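> need a 3D model of the sequence below.
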Amino acid sequence: LGSMDKTQKMAELQGLEDKCREGASWAPALADSCLVDNRLNLDVYPDGCHRFLKLFEGRQGEVFQVEFLRLSSNDRLLGTTLGILPRLKQLKSLVLKGGHTRDEFGSCQRGSLTNLPPDVGNLRCLTHLDLSFNSLSTLPSCILRLPRLCVLLVSHNSLVALPKDFGSLRKLTFFSAMKNQLKELPQSIGELAALQDLDLSENALEFLPEEIGNLQNCIELDLSGNCLSSIPDSLANLKSLRRLHLHSNLLVTVPTSLASLPNLSRLDLQNNCLCAVPPEIQTLPFVRLRGNPLGKTEPLPQADESSAKGLRILFLASSDDSFTVTSEGCKVVLACGIHFYFPPGATSDPLRICFRNLAPEPQWVKLRHHDVLLSKVLELQPHGVEFQQEVQIWMPYIPPQTLHHREVVVRTFSGQSWSDLRTRVEQKRKSEKHMAHCSVLHFSWFLVVSRLVQNECKVPAEGTLLFSSVDPNIKVSFPPGVTEETRSVKLQVLPVSAEEIEEIAGNAECRASPLLCLSQDSLVDFLRPVRIQLPLPSGVTGLNLDQSRLHLLHGDLEGQTWDDITSQVVLEFTHLYAMFEVTHFSWYWLWYTTKTYIGGIAKKVYERLRMYQVNFIALQRKKDPEQVLLQCVPKHKVDLVLKKLQDRYRGPEPSDMVEMFEGEQFFAAFERGISIDMDRPDCVDGRLSFIFYSRLKNMKEIYVTSPVDRKGQAVKGQVSFYRGAVPESIPEDASRRRRKGPDSLWLATLPIKLPRLKPHWGGNPGPLNGFSFPPLNLGNPETGYLTQANLLSIARRVGADWQTVGLNLGLTYQQIERIGYNNREDLDKQILDMLFSWAQQNSEHPDCVSKLITAMKESGRQDIADEIETIIELGQQKYRESIRRVGL
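Predicted structure coming up:
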């Protein structure tokens, strides 16, 4: 059909379809002749399993001799048929494929197969097994017992992992798991010594095991369309390899040793993140490198492990906030898990480095659309000092839920704006921590974010071509003469599933293509039209396309307005794609629907795609009900969080589900007779301030009191959550909630109950409940200090953990036993005696407050440690303000 025009092609395809229908009408006449010798091909019949059961019933002896069997897994009688298969002992080839039926949009439907009978593992003659286009989430264990299996196809399923003992298939020569959801490979894959063809394309692989280099007979290896940022050097051991497909990944580097493969005749590295390629590889005649930002920057430097072995290594405690670097260089490991590598000669003179881990504030941490914050903010001082060699930083982060269309980058603040650094993602094998690795010449502020995968290229006057690494079917063509001066262009893609569209739009007939965002560094439109290719919405093909239902939408960069520009452009179609031309860049989106005014629906869907479903929890510590834990938890994590806390906390059921944006502010207000310390730095107009970040812990544990007399009865109060400042560029109607008037920002309310106050805490029998110590303060005004009132507040919250706290403060077992004996049957006096005795002995020590904080953390009382740090921070803030007031 290649030489025909569009009309001829459609006519020819229609003729083929008519012949297929005619064939279906005379197919029943072949019922008695479909069994030919030892072959039984029944997948061409819509009732193939029914025919198989009839044949087995009438000609059982002949069926037992079948060696080649093909069935459709879309057949409704497949389950009954599967029970007979283990009895076909002569079977050599078994095909149970789906994809033989199509839905109303023309898309292939996967088969219903989710497992195989265990006895299939007894088919000793089976050498070929095809389970493609099915619904397998795990590989059936019986497959691993097939001793002669040579060919295995499980493409177009939903596999997330392969069995650890997958390498037991020692005779396997061909394996295809294309179009699954594999995130990693078992180490045993290196034991497939006979494997010649391995297809793992279009999965979610993030790294490869070193053992993959043991596939000595592998001729073709397809790893395209994954999330690989690097590949192991062991691939250079594949001496038989002829074709290596690595396009459409996230590769930032490739081993030079690949150039030494003796039989390699094809190396596809297109559409990656390669800024530099070793000359040995770049000069290979068969290498493909289009779609990479080559020459953008120098390659990311690696720490020289051989020279680093002799360097000084500094392991800093949680109380440290600085270290010194000399010209000899050093390695530094912070208590929070951040690593630094200062190469020799990075600085000529000794330099003191100060660091802080800061909570992100939305006023200056500006997230872009669809960004997800993965870490706190790291501040490194002195700002602006230029190192003579690049300093390497490893920042731990909480991995995002999905990585297929996202990438992790380190973002830095220059004092005026944020920019993204070239980042390599690593995972520590022992600790399994995820680390973001970057190199810098200046110190400032740093954080880790997950963003939509960004493909970038320079557009010269001669024109160029830009592909998406998320979906290679999306491409942008720049013709010659499109610009006078070279400009930089960025491309991002947000895949949107048909299920998401249907759920948000409330219409099963609505379909949409992936969202395409194009931007450039120039304010001038292009001189010539730029051609864009987008895949048609899911389920829509050139065969069933109704052009009256197809709409091309254009959105501004903030996604607040979506205009239907279908009538303003010329749309061209192929069987799978739509093409159009534009002169300026923004968001573009193809919709397929019967709705006329689609802009409003698209705006609603776009807003919901940026929102997270969350629940609020308010729990009270069982041993101390005045200690309240507040947390905003993503909906899918609520059960897991509650399970972890149930031994130490109790409280009401979580709130109803609400929706929030990344970086949105909200407040918690205690009401009906319950109050908190209004001097807290995070307290605004009597309400506790929170910032919602989906991958960070939106949690605070605070101490509440009640001005109401609690001697006679308990206090039944509540905590309410209110929406605060909505992030910039969020439409007003997106933040409307159920209530109106002054409480229009209300989100949820949960009950809080404070029990009756104990008599000896309610009165005031003396300075410190019978204890008398000289006035003392821990610390000093400049660094922050704790007063006697602060210590008394802390003592009231220690509870039954006082012995553990005392031991971690340095008290001996004998001292603990004596305090317990002297104040037996009075827990409050035991706590006061322990804490104030220690404070009196250590009040002059410069690190006494840090020691108290560390002791609380080691005793499992992170809540008290956080409260002490908050008091210290407030004291430091007041001290700085007083200094400014007197002009010092």
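> mean confidence for the helix or strand harbouring Asp866?
Following DSSP states H and E, one finds Asp866 within helix 862-885. On average, the pLDDT along helix 862-885 is 74.
> again with stretch 313-325
Stretch 313-325 comes out with an average pLDDT of 81.
> now the end-to-end length of that stretch.
Stretch 313-325 has an end-to-end distance of 11 Å (Cα to Cα, to the nearest Å).
> list the buried residues for it?
Leu314, Leu316, Phe323, Val325 (16 or more other Cβ atoms under 10 Å). (Each C-beta comes from the backbone N, C-alpha and C, glycine too.)
> residue ranges of the strands in the stretch 101-250 of the chain, please?
128-130, 151-153, 174-176, 197-199, 220-222, 243-245 (DSSP state E, counting those that start in this stretch).
> out of the buried residues of stretch 313-325, what pair is the most spread apart?
Among the buried residues of stretch 313-325, the pair separated by the greatest distance (Cβ to Cβ) is Leu316 and Val325, at 12.8 Å.
> joint contacts of the two?
Val332 (Cβ atoms under 8 Å, 6 or more residues apart in numbering).
> contacting residues for the residue nearest to Asn38 when sequence neighbours are not counted?
Computed as Cβ to Cβ, 6 or more residues apart in numbering, the closest residue to Asn38 that is not its neighbour in sequence is Glu67, at 4.2 Å. Contact analysis of Glu67 by Cβ under 8 Å, 6+ apart lists Asn38, Arg39, Gln90, Leu91, Lys92, Ser93, Cys125.
> got it, and Thr483?
Contacts of Thr483 by Cβ under 8 Å, 6+ apart are Val459, Pro460, Ala461, Ser522, Phe526, Leu527.
> point out the least confident one among those.
Ser522 (85).
> what about that one, how many neighbours?
14 (other Cβ atoms under 10 Å).
> flag the shaky bits of the stretch 451-600 of the chain, pLDDT-wise.
557, 559 (pLDDT under 70).
> pipe the contacts of Glu67 into a markdown table and attach distance to Ser793 per row.
As requested, the contacts of Glu67 are exported to a markdown table (distance: Cβ to Cβ, whole Å):
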| residue | distance to Ser793 |
| --- | --- |
| Asn38 | 85 |
| Arg39 | 84 |
| Gln90 | 82 |
| Leu91 | 77 |
| Lys92 | 79 |
| Ser93 | 77 |
| Cys125 | 78 |
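> from those, which land in helices?
Applying DSSP state H to these, no entry is found in helices.
> show me the residues you listed that map onto strands.
Arg39, Ser93 (DSSP state E).
> and which of the contacts of Glu67 is nearest to Glu869?
Proximity of the contacts of Glu67 to Glu869 (Cβ to Cβ) peaks at Ser93, which lies at 67.7 Å.
> list the contacts of that closest one.
Counting by Cβ under 8 Å, 6+ apart, Ser93 has contacts Glu67, Phe68, Leu69, Leu126, Thr127, His128, Leu129.
> same question for Leu96.
Residues near Leu96 by Cβ under 8 Å, 6+ apart: Leu71, Ser73, Leu78, Gly111, Leu113, Asp130, Leu131, Asn134.
> which phi and psi does it have?
Backbone geometry at Leu96, expressed as degrees, to the nearest 10, gives phi -130, psi 70.
> distance of it relative to Leu192?
From Leu96 over to Leu192 the distance is 23 Å, taken as Cβ to Cβ, to the nearest Å.
> do the same with Lys239
16 Å.
> got a markdown table for the strands of the stretch 101-250 of the chain, with distance to Gln389 and mean neighbour count too?
Below are the strands of the stretch 101-250 of the chain laid out as a markdown table (distance: least, Cβ to Cβ, whole Å; neighbours: other Cβ atoms under 10 Å):
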| stretch | distance to Gln389 | mean neighbour count |
| --- | --- | --- |
| strand 128-130 | 55 | 19 |
| strand 151-153 | 50 | 19 |
| strand 174-176 | 45 | 20 |
| strand 197-199 | 41 | 20 |
| strand 220-222 | 37 | 20 |
| strand 243-245 | 34 | 21 |
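> could I get the ones you listed as JSON lines with mean pLDDT and distance to Ala714?
Output for the strands of the stretch 101-250 of the chain, formatted as JSON lines (pLDDT from 0 to 100; distance: least, Cβ to Cβ, whole Å):
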{"stretch": "strand 128-130", "mean pLDDT": "93", "distance to Ala714": "67"}
{"stretch": "strand 151-153", "mean pLDDT": "94", "distance to Ala714": "66"}
{"stretch": "strand 174-176", "mean pLDDT": "94", "distance to Ala714": "66"}
{"stretch": "strand 197-199", "mean pLDDT": "94", "distance to Ala714": "66"}
{"stretch": "strand 220-222", "mean pLDDT": "93", "distance to Ala714": "67"}
{"stretch": "strand 243-245", "mean pLDDT": "93", "distance to Ala714": "68"}
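> fine by me, thanks again.
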